[in-house]
Every structure is written in structure tokens, then in C-alpha cells.
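Asker: I would like the atomic coordinates for the input below:
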Amino acid sequence: MTAPIYPWTEDAWQQLVARRENLPQALLIHGPKGIGKLDLALRFAQLILCETAGAKSPCDKCDGCRWFLAGQHPDFRLVQPEVLAPAPELDEDAKPASKTAKPSHEIKVDQVRELADFLNIGSHRGKRRLALFHPAETMNANAANSLLKSLEDPASGACFIMVSNNPKGLLPTVRSRCISVPLAIPEAAASKAWLRSQDVSEADDWLAFAGGAPLLAKDYSESDRGERIAQLTKILRQGPAGRDLLLNWPVPDREQIEILAEVLQKWAYDQAFRAATGSGRYFNFKGTGRPAAVSKSRDWVGFAREASRYRVAARHPLNPKLFAADLIGRMPGD
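Answerer: Residues are numbered from 1 along each chain as shown. Predicted coordinates for the structure are as follows:
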């Protein structure tokens, strides 16, 4: 199925369509997570490779579109961390695989180097050769430097599409060689209307927790991650009594630590917001008691920054239970 265009990405789509016949060597589509950047990039990549003359949208019928949708187009490569790649299909007769390292969260240098032959041969279908990086900021330093060489001396007919949640995480020299296509958080009314059309329950609450990103809000509402977030939020609403419950919260793996750190980070920022303004940003505090004292707001901001660092550290080997206890122990007191 062709990647969708959402109401709030329509203007960006029209800008990209206008560039179809005069592509730069690299595009950087960037903005907050959960607003449809990857869908926009994939749809544009399909349009570039669509073989229907004059099409303003992918036709889904030509050979180019069919191969693209099947993930088999010879002139397209999607470069992303191993952790985002689809799980391989298992052969029922195959022997169980030996234990291996966990999938990487980075785009590695070998993935970039493997593009060399692809970029420097002629197009199979007489059109462009496209390499789409997502999320581009996950390239490690060696991968980014290897890519920079291709950007400095681009192969004829090759085009790079970078999709980034955090363009500041890219090398400045990489950014400077890309045409920027920024996407912003959509207006709340448009996001809520779309979420209602998708039958998302508690849409307002999930949209707030997602920082206004509608696709992220929908994902939270439908996933196991969202269920864990809802459970943790219920505990935090109990006030001081919730701290003991948090210490006994099961954290069997790194993913659960990351969820805990995300919830505590956003809760901490909201405690500071409430102290200063009387209302939160990520949570609905109606009926949950008085806000923290203004004098505590700085403590909560400091803890939110600690939780942010813990979210990053959660990807590395650790003792989940001790890690969680240390994070919870740093929460400001009443």
C-alpha cells in the first residue's frame, strides 16, 4: 500500500512533487517524531520511481510501483538501524539460531559502504537511484563520514533522502549538503480530528502525552507500550504513596526501563509547569491534587534532565532493577 499523506503534510508533499523533475542530490525531511515524515519520504521515493508519465502521485500499477511496494525495487535502498528492520521469516526446518548480539540502534558504516556499488552502477529502470536514511541521526560517526564522501562526490543519477527527528544529531557538513524540508507539529484541531477518524480512544490524553504528534499518539493508544504508560501514570497520580509502588514496578528488560524513564521525565516537566502556570503539558491533572510548590520547580526540571539521560542509557547493558531504583530514588520529595 502506498504510504499515506496526512492533512498536515499536504503542503510539504506539494513542495516535493514540484521538485520531482529537478531533484537535488540530497533532501533532509525533518521534524518531531510521530508526524508522518517517513510516510512522506516513502511516498515521494515511490513517485520518483513511478513509471507513469506525468503522475502527480504514485500510480500503484506500473512495474516500478509494484516493485517498490513489494520492497524489491532494484533502484531503491532503505538504510535504517537493525532494530527497525523487519524480522526475517523463520524456516520451520531450520535449526535454532545461536544467541547473537541484540540488534543495533545505529546505522553502521558497513551499511553505508554497501551502497557504493548500488550508487555507482546505472539505473535498472532508467530513472534515479535512491537511498533513504531513517532516522538519519542514528548514523554513527564512521557511517556519517563515509556518507559525506558520497555527498561530496555524488554519483550521477543518485539521490539521498534523509529523514530525521533530530537534524542537529547529523554532522553539520552532511546537513549543509541537503535541501531542507521541515515539518512542524500540526495544529491540535487537525490532529484531534484525525485521531477521531481513526477511532482512537482518549485521543486528547494521548495527544498531550505525545507532545502533539498524532501518529505517535495513535501508536501509544494501540500498543503494549501505551498500556504500560497508562499503568505508570495511574501510580504517579497516587502521589507520595505511588513511589513505593514504583520501586516494585517490574522492569525485566531495557525497554521497560526506557518506558519508565520517559514517563518520569514527562511527569517531572509537568510538575515544574504546574508549579509555574497551574497546568501541565503532557498529563491531565484534573482532580489530582495541588501542584508542587514554586520552590520545587527547579528540582523537578533537574530530575527531568536526569530522566532524559537515563532514557539514553537504557539502551546499554545494565541491571534493570537497580537502574530503575536509582532513577526513582532521584525523584524530588514533597
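
Asker: buried set for stretch 202-221?
Answerer: Neighbour-count burial for stretch 202-221 flags 202-203, 205-210, 212-221 (criterion: 16 or more other Cβ atoms under 10 Å). In short, each C-beta sits where N, CA and C put it, glycine included.

Asker: could I get it in PDB with only the CA atoms?
Answerer: Extracted in PDB, the C-alpha atoms of stretch 202-221 (Å, rounded to 0.1, in the frame of the first residue of the first chain):
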ATOM      1  CA  GLU A 202      -8.800   9.100  25.000                       C
ATOM      2  CA  ALA A 203      -7.400  10.900  22.000                       C
ATOM      3  CA  ASP A 204      -6.800  14.200  23.900                       C
ATOM      4  CA  ASP A 205      -4.800  12.500  26.600                       C
ATOM      5  CA  TRP A 206      -2.600  10.500  24.200                       C
ATOM      6  CA  LEU A 207      -2.000  13.500  22.000                       C
ATOM      7  CA  ALA A 208      -0.900  15.500  25.000                       C
ATOM      8  CA  PHE A 209       1.500  12.700  26.100                       C
ATOM      9  CA  ALA A 210       2.900  12.500  22.600                       C
ATOM     10  CA  GLY A 211       3.700  16.200  22.600                       C
ATOM     11  CA  GLY A 212       1.100  16.900  19.900                       C
ATOM     12  CA  ALA A 213       2.400  14.300  17.400                       C
ATOM     13  CA  PRO A 214      -0.700  12.500  16.100                       C
ATOM     14  CA  LEU A 215       0.900   9.300  14.700                       C
ATOM     15  CA  LEU A 216       2.800   8.800  18.000                       C
ATOM     16  CA  ALA A 217      -0.400   9.300  19.900                       C
ATOM     17  CA  LYS A 218      -2.200   6.700  17.900                       C
ATOM     18  CA  ASP A 219       0.700   4.300  18.400                       C
ATOM     19  CA  TYR A 220       0.600   4.800  22.200                       C
ATOM     20  CA  SER A 221      -3.100   4.200  22.200                       C
END
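
Asker: G212 is in what secondary structure piece?
Answerer: For G212, there is no helix or strand it lies in under DSSP states H and E.

Asker: thinking it is in contact with S191, fair?
Answerer: Yes. Counting by Cβ atoms under 8 Å, S191 is a contact partner of G212 at 6.5 Å.

Asker: what sits against the nearest residue to A276 once chain neighbours are set aside?
Answerer: Closest residue in space to A276, ignoring its immediate chain neighbours: S297 at 5.7 Å, by Cβ to Cβ, 6 or more residues apart in numbering. S297 sits next to Q271, A272, A275, A276 when contact means Cβ atoms under 8 Å, 6 or more residues apart in numbering.

Asker: count of neighbours near N248?
Answerer: When neighbours are counted by other Cβ atoms under 10 Å, N248 registers 10.

Asker: how close does it sit to R254?
Answerer: Between N248 and R254 the distance is 19 Å, computed by Cβ to Cβ, to the nearest Å.

Asker: try R19
Answerer: Look at R19 and R254: by Cβ to Cβ, they are 40 Å apart.

Asker: Same question for G169.
Answerer: Distance from G169 to R254, by Cβ to Cβ: 21 Å.

Asker: Who has more neighbours out of R19 and R254?
Answerer: Neighbours per residue (other Cβ under 10 Å) separate R19 from R254, with R254 holding more: 17 against 14.

Asker: shouldn't that one be in contact with A314?
Answerer: Yes. The pair formed by R254 and A314 meets the contact definition of Cβ under 8 Å, at 5.1 Å.

Asker: Tell me the helix or strand right after whichever helix or strand A144 is part of.
Answerer: According to DSSP H and E, A144 maps onto helix 141-152. Going down the chain from helix 141-152, the next helix or strand is strand 158-164, by DSSP H and E.

Asker: Each with direction, which strands does that next one pair with?
Answerer: Looking at strand 158-164 with DSSP bridges, its partner strands are strand 26-30 (parallel), strand 129-133 (parallel).

Asker: How far does the last one sit from its chain's centre?
Answerer: Spelled out, it's strand 129-133. Mean C-alpha position of strand 129-133 versus that of the full chain (Cα atoms, centre = their mean, to the nearest Å) differs by 18 Å.

Asker: Send me it as CSV with only the CA atoms.
Answerer: Only the C-alpha atoms of strand 129-133 are listed here, as CSV (Å, rounded to 0.1, in the frame of the first residue of the first chain):
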residue,chain,number,x,y,z
ARG,A,129,18.8,5.5,-7.8
LEU,A,130,17.5,6.4,-4.3
ALA,A,131,18.9,5.8,-0.8
LEU,A,132,16.6,6.7,2.1
PHE,A,133,18.1,7.0,5.6
